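[1] Turn this into a structure:
(chains A and B)
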There are 2 protein chains.
Amino acid sequence: MRMAYELYYWPTIQGRGEFIRLALEEAGADYRDIARLPERKGQGVPAMLACLDGGATPQAAYAPPVLRDGDMLIGQTTNILLYLGRRLGLAPRAESGRLWLNQLQLTMADWLTEVHDTHHPLSMNQYYEEQKQAAMLRSADFRETRLPKFLDYFTQVLLNNRSRGQYLVGAKLTYGDLSLFQMLAGLRYAFPQAMARLAPEYPFLSELHDMVAARPNIARYLQSKRRIAFNEEGIFRHYPELDG
Amino acid sequence: MRMAYELYYWPTIQGRGEFIRLALEEAGADYRDIARLPERKGQGVPAMLACLDGGATPQAAYAPPVLRDGDMLIGQTTNILLYLGRRLGLAPRAESGRLWLNQLQLTMADWLTEVHDTHHPLSMNQYYEEQKQAAMLRSADFRETRLPKFLDYFTQVLLNNRSRGQYLVGAKLTYGDLSLFQMLAGLRYAFPQAMARLAPEYPFLSELHDMVAARPNIARYLQSKRRIAFNEEGIFRHYPELDG
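    Numbers count the residues shown, from 1 in each chain, chains lettered A, B, ... in the order given. Coordinates of the predicted model:
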């Protein structure tokens, strides 16, 4: 019997960990979300921080999420998904397909960083309120130029793959579809007005969002307590003054 | 006989393309830097832009660099290096080593994005001069908190691997070492004062920088016209007011 996967990520936000959670949930994999388990049993946030301590952990990651699979300890969201993809049946078999999927996942990671920087353009070490004026300028640029560019790009990827079905890559669901769902769900939460205005131009992305949300394992997960609600400590934050 | 690799990247800056160039140069690979070749022969920037046109290119990248290897067209810097690593003898054979290397490369990519944002914290579509005040705030945060954190992290990685030699991963040079050299070279260019002040605390990183610079193929490359000089259109830019 294989040991359960162990995910180490902040316990109160979706954040980057959510891209891993969605893959594990879709696949029905056995996993433990360690930082959400009790400290008194050696779990919780201290167990997560231990994974990041290079003095104690030879291949410590720079930041969470981290995945443990037996002896393997893996950091960086896209790297974890690269590792899990084939094992969970959520990536193509051929190297060319896996590289293309990884490329799209990396593009979503860039997009996600830009979302983060809409509310923290000056410093990760200061509160939002201390950089609100800069955040309003950065958000306007994001909404007006960056957001449509990414939505256009992923629409084109879907259309170019359309002969093979409704997925980003190949003829089957991959972790890239799950991640694109998460990007769209998060953007709708953070920028409801901007996304509502743009929605009519991106019907294929809305279809993909709904297709993923309706998958039995994902639908069950989204209804469960395991799905942390979006909130203003995560990457996707709803500040009305940044939307519009 | 194999066809030459084709690199598509902006012709006047080191930028993200430089991480690919260094790997190809170290390996002595046959490659063509397409956007630096004549437009009248179907090369130059138009050839690069064609790779990014999803209407014409089924697996178009979101942004350069892009590498063509025969039928394969690959985007995203870390993904290109993942592909090239084994082929150029610049990555470990075992999957665990390749994932660890990819993880470190992704961490450098995050670091590079933070460097970019020191001079463009508000918008990629505006000039530096239009966001100079915000850039000064972001740069102070970068110099004081982010830069030491990344330097500490990569020092720890080197120390944890020290029993196996002077490299980041395993007992041989990998593309990760080349990329760390590039990060350090770029940071010294962009933030000479901050880096000079920090240098005594990071002797192992200075050693790695010098070791890479002294490799015969790299030393020859750095002296050649193929190495574009750092400049204020690239990612590493020297603006004295952002240093200190």
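
[2] Per-residue pLDDT of residue A:163, please?
    Residue A:163 is assigned a pLDDT of 74 by the prediction.

[3] Just say helix, strand or coil for it.
    helix (DSSP: H, G, I helix; E, B strand; the rest coil).

[4] how deep is it tucked in, by neighbour count?
    Other residues near residue A:163 come to 7 when the count uses other Cβ atoms under 10 Å in any protein chain shown. (C-beta placed from N, C-alpha, C; glycine too.)

[5] One more: residue A:152?
    Residue A:152 has 15 neighbours, counted by other Cβ under 10 Å.

[6] That one and residue B:14, how far apart?
    28 Å (Cβ to Cβ, to the nearest Å).

[7] Quick one: residues in contact with stretch A:71-80.
    By Cβ atoms under 8 Å, 6 or more residues apart in numbering or on different chains, the residues outside stretch A:71-80 that reach it are A:16, A:19-20, A:51, A:57, A:59-68, A:83, A:102, A:105-106, A:109, B:78, B:96, B:99, B:102-103, B:106-107.

[8] rerun that using 6 Å as the cut-off
    When contacts are defined by Cβ atoms under 6 Å, 6 or more residues apart in numbering or on different chains, stretch A:71-80 is touched by residues A:16, A:19-20, A:59, A:61, A:65-67, A:83, A:105-106, A:109, B:99, B:102-103, B:106.

[9] likewise stretch A:42-50?
    Against stretch A:42-50 from outside (Cβ under 6 Å, 6+ apart): A:8, A:34-35, A:37, A:39.

[10] Recalculate using a threshold of 8 Å.
    Identification of contacts with stretch A:42-50 by Cβ under 8 Å, 6+ apart yields A:8-11, A:32, A:34-39, A:56-57, A:64, A:66.

[11] so which of the residues you listed comes closest to chain B?
    residue A:57 (8.8 Å; Cβ to the nearest Cβ).

[12] picking that back up, just the buried ones from the contacts of stretch A:42-50, in PyMOL syntax?
    This is the PyMOL syntax for the buried subset of the contacts of stretch A:42-50, where burial follows 16 or more other Cβ atoms under 10 Å in any protein chain shown:
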select buried, chain A and resi 8+9+10+11+32+34+35+36+64+66
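
[13] Counting only strands, which of the contacts of stretch A:42-50 make the cut?
    A:8, A:32, A:66 (DSSP state E).

[14] wait, doesn't the second one sit right on residue A:7?
    Yes: the criterion here is Cβ atoms under 8 Å, and residue A:32 meets it with residue A:7 at 7.1 Å.

[15] In a markdown table, list the ones in strands among the contacts of stretch A:42-50 along with distance to residue B:132 and pLDDT.
    Formatted as a markdown table, these follow (distance: Cβ to Cβ, whole Å; pLDDT from 0 to 100):
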| residue | distance to residue B:132 | pLDDT |
| --- | --- | --- |
| A:8 | 39 | 98 |
| A:32 | 48 | 98 |
| A:66 | 38 | 98 |
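
[16] Am I right that residue A:171 is in a helix?
    No: Residue A:171 is assigned coil when assessed by three-state DSSP, not a helix.

[17] which residues does it contact?
    By Cβ under 8 Å, 6+ apart, residue A:171 lies in contact with A:164-165.

[18] Give me the pLDDT for it.
    We have a pLDDT of 94 for residue A:171.

[19] What of residue A:1?
    Residue A:1 is assigned a pLDDT of 64 by the prediction.

[20] can you check the one 3 residues further on too?
    Residue A:4 is assigned a predicted lDDT (pLDDT) of 97.

[21] Show me what counts as buried in the helix ranked longest in chain A.
    The residue-count maximum for a helix in chain A (DSSP state H) belongs to helix A:95-119. Neighbour-count burial for helix A:95-119, counted by 16+ other Cβ under 10 Å, picks out A:97-109, A:111-119.

[22] for chain A, what spans make up the helices?
    Assigned by DSSP H, chain A shows helices spanning A:17-26, A:44-51, A:77-87, A:95-119, A:132-141, A:147-160, A:175-190, A:192-198, A:203-213, A:216-223.
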